[in-house]
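Visitor: Test case, fold it:
(chains A and B)
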Protein chains: 2
Amino acid sequence: MNFPHWQTYLVTQASISAGRSTAEIVERAISGGVDAVQLREKETDALERYELGLELRELTAAAGVDLLVNDRVDIAQAIDADGVHVGQSDLPVAVARDLLGPDAIIGCSTGTVAEAEQAEADSADYLGVGTIYGTTSKDVSRYKDGVGPDRVAEIVDAVDIPVVGIGGITAENAGPVAEAGATGVAVISEITAADDPQAATEALARAVETATPLENGGPTNE
Amino acid sequence: MNFPHWQTYLVTQASISAGRSTAEIVERAISGGVDAVQLREKETDALERYELGLELRELTAAAGVDLLVNDRVDIAQAIDADGVHVGQSDLPVAVARDLLGPDAIIGCSTGTVAEAEQAEADSADYLGVGTIYGTTSKDVSRYKDGVGPDRVAEIVDAVDIPVVGIGGITAENAGPVAEAGATGVAVISEITAADDPQAATEALARAVETATPLENGGPTNE
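Guide: Coordinates of the predicted model:
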């Protein structure tokens, strides 16, 4: 088990990057201290994802940033990524583990305690919990269709692996997610669509650091 | 190199199987003597393709029929398929070979002599050449936007690996494809949408056998 400790986790999506390349967004996020990058780009074909993955592997390796690939175990292997992130409709965690071996980082999207416990039993190294906020409103009391920080707290109680919150998270509403016990937050548009992706990454990291609950070791400045 | 010799090759597609399951279509094609099956199902998510793949692996292994997976090397590995079939927008043949090793069968879709030569150089074991016929018309002189049997002949001349034709092929128009030097023909709807997929498979095999040119060893009755 690898137990990553990520505060900020960028999920890429070229189509909402305001005309900038995914490589440019990742470079700016790395300058802002991002801890992990997930190559997602669901809309592009495998060849494009592979070629972009090679580019992101160079950028992230040079910076010591973890690189995950969404869904595709084969692309993760082909670009020597640190691991994969699978959803509930992707290859099962246990199958990904068989293919990738014990050293890979495998994450799984979970929305319920039952899914979280299953993923941990199947050898997931971390969980992506969400959708946290159904809207990106600053008023975090309105989860709309999101599961909210309360679900993070329930899942953190139920499992021993780290949790990152995902879905509708901004620098303004990240605090309660970290307070609920998440190690960090995963975002797409909060970084990819930001005027300044570096500043957006820094603001997210500050929001998570400031909020880290004492039982998890208190605020850190790593 | 594995040099498969397939006369009939079924590419699955649940959405054009007239309400029948892909497993049922594959069973019927196996009864008709199909030589290879490719799990395609591009519209379904990875988990469904994996689960269907496990089912098809059982059926094909019991019958000694080769099973390929379209595009996804990871699913091929997870279900212990015989290999993968990649297109020009999928992972490159050389990358698939690195991941799968020397024993896997790797096929590649090619439409031109240049693509065919590249795929062979990259270690492809066979080529899918097409689209042969732009329409499924019985009048094979009208290729419409297809490359036609002539392209098969050009590619067969240029490479040493086997070629299967694909695209708009029926029992009525398969002959010229085999006469041009293709080992066999790959079809989707000619089998999946047939009233009787077993009879459709048998008819295709007869069309290929009858037409096999003498320079390739003449008609066979394997």
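Visitor: got a list of contacts for the helix or strand hosting residue A:9?
Guide: Counting by DSSP states H and E, the element that carries residue A:9 is strand A:8-11. With CB atoms under 8 Å, 6 or more residues apart in numbering or on different chains as the test, strand A:8-11 has contacts from A:25-26, A:29, A:32-38, A:40, A:70, A:164, A:166, A:184-188, A:191-192, A:201, A:204-205, A:208. C-beta: built from backbone N, CA, C; applies to glycine.
Visitor: go again using 7 Å as the cut-off
Guide: Strand A:8-11 is contacted by residues A:26, A:29, A:33-38, A:40, A:164, A:184-188, A:191, A:201, A:204-205, A:208 when judged by CB atoms under 7 Å, 6 or more residues apart in numbering or on different chains.
Visitor: Go through those residues and flag which are in helices.
Guide: Using DSSP state H, the subset of the contacts of strand A:8-11 located in helices is A:26, A:29, A:191, A:201, A:204-205, A:208.
Visitor: so which of those residues comes closest to chain B?
Guide: The closest of the ones in helices among the contacts of strand A:8-11 to chain B turns out to be residue A:26 (CB to the nearest CB; 21.3 Å).
Visitor: wait, that closest one sits on residue A:39?
Guide: No. Residue A:26 lies out of contact with residue A:39 (CB atoms under 7 Å); the separation is 9.0 Å.
Visitor: List the residues that are in contact with both of the two.
Guide: Counting by CB under 7 Å, 6+ apart, the contacts common to residue A:26 and residue A:39 are A:12, A:56.
Visitor: ok, these two, which is more surrounded?
Guide: Of the pair residue A:26 and residue A:39, residue A:39 is the one with more neighbours under other CB atoms under 10 Å in any protein chain shown, namely 30 against 27.
Visitor: so how far is chain B from the more buried one?
Guide: Using CB to the nearest CB, to the nearest Å, residue A:39 is found at 14 Å from chain B.
Visitor: same question, residue A:43
Guide: With CB to the nearest CB as the criterion, residue A:43 and chain B are 13 Å apart.
Visitor: From the structure, what's the count of residues near residue A:89?
Guide: Residue A:89 has 12 neighbours, counted by other CB under 10 Å.
Visitor: how about it, secondary structure?
Guide: Classification of residue A:89 using DSSP: H, G, I helix; E, B strand; the rest coil returns coil.
Visitor: residues in contact with it?
Guide: Going by CB under 7 Å, 6+ apart, residue A:89 touches B:45-47.
Visitor: Kindly recompute the last result at 10 Å.
Guide: Residue A:89 makes contacts with A:71, A:109, B:44-48, as judged by CB atoms under 10 Å, 6 or more residues apart in numbering or on different chains.
Visitor: Next, it: phi, psi?
Guide: Main-chain dihedrals, residue A:89, degrees, to the nearest 10: phi -110, psi 10.
Visitor: which residues does the closest residue to residue A:87 other than its chain neighbours bridge with?
Guide: Leaving aside its sequence neighbours, residue A:87 sits nearest to residue A:109 (CB to CB, 6 or more residues apart in numbering or on different chains; 4.3 Å). With DSSP bridges applied, residue A:109 shows beta-bridge pairing to residue A:128.
Visitor: quick one: which two of the contacts of residue A:89 are the most distant?
Guide: Spatially, the most separated pair among those is A:109 and B:44, at 18.2 Å (CB to CB).
Visitor: is chain B contacted by the helix or strand residue A:96 falls within?
Guide: According to DSSP H and E, residue A:96 maps onto helix A:93-100. Yes. Counting by CB under 10 Å from any CB of the partner chain, chain B is contacted by helix A:93-100 at A:95-96, A:98-100.
Visitor: By neighbour count, sort out the buried ones in the residues you listed.
Guide: Buried members of the residues of helix A:93-100 next to chain B, counted by 16 or more other CB atoms under 10 Å in any protein chain shown: A:95-96, A:99-100.
Visitor: Next, format those residues as JSON lines and append pLDDT.
Guide: JSON lines is the format used below for those (pLDDT from 0 to 100):
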{"residue": "A:95", "pLDDT": "98"}
{"residue": "A:96", "pLDDT": "98"}
{"residue": "A:99", "pLDDT": "98"}
{"residue": "A:100", "pLDDT": "98"}
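Visitor: I am finished for the moment; much appreciated.
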